[in-house]
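# show me the folded form of this:
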Amino acid sequence: MAQASSSLRSWILLVAGLSFVAGVLTGFALPDLFASDRTPQSTEAYARDLVSRYGLNAEQERLLRMVLREDERLELEILRSADWSQLPEALRNRRLAQKRRTNQRIRFVLDPEQRALYDRDSRPENR
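Numbers count the residues shown, from 1 in each chain. Okay, the predicted model is just below:
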């Protein structure tokens, strides 16, 4: 009877472990597979389009890319400096969801002991 119980316990742990791994892998793959292209044109694609559309020479292309990189940097700076309450609710929700996904991915990288420390340090009262 003890051997049957041990065998059943092993199967349950194996299925639970495989389910966890499948869930983590799904969490990595599905967001990218089902994400629609709702974001504005990428900076790189925009630069290529402007170069092609207006026939920019190499120097103009170099300067254009500098301008676009600076614009991107300043835009991110503005977003990072925004007060949380100033952001629209939809944007706050997207940001929270992304933070949760990143947190799950970080936890997946860590071994159990490191994960326990990370979880302890990640609690709001420890920040």
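# got any ranges where this protein has weak pLDDT?
1-4, 21-40, 126-127 (pLDDT under 70).
# got the domain boundaries for it?
The record's domain parsing of the chain by automatic domain parsing lists 1-35, 40-81, 87-127.
# can you list the ones you listed in TSV and add mean neighbour count?
Heads up, the C-betas are built off the backbone N, CA and C, glycines and all. Shown next, in TSV, are the domains of the chain (neighbours: other CB atoms under 10 Å):
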stretch	mean neighbour count
domain 1-35	10
domain 40-81	11
domain 87-127	11
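# just the element for residue 41, please.
Assessed by DSSP states H and E, residue 41 sits outside every helix and strand.
# could you check how far it is from residue 48?
10 Å (CB to CB, to the nearest Å).
# now the helices for the chain?
Using DSSP state H, the helices of the chain run over residues 2-34, 43-54, 58-81, 89-109, 112-122.
# tilt between the third one and helix 89-109?
Translated: helix 58-81. 90 degrees (axes from the mean of the first three to the mean of the last three CA atoms, to 10 degrees).
# helix 58-81 - contacts with which helices or strands?
helix 43-54 (3 or more CB pairs under 8 Å, 6 or more residues apart in numbering; DSSP states H and E).
# other SSEs contacting the helix it packs on?
helix 58-81.
# touching the helix it packs on from outside, list them.
By CB atoms under 8 Å, 6 or more residues apart in numbering, the list of residues contacting helix 58-81 from outside reads 43, 46-47, 50-51, 56.
# repeat that for 10 Å
42-44, 46-48, 50-51, 54, 56, 87, 91, 95 (CB atoms under 10 Å, 6 or more residues apart in numbering).
# ok, those vs residue 17, which is closest?
Proximity of the contacts of helix 58-81 to residue 17 was ranked by CB to CB; the top entry is residue 95 with 31.4 Å.
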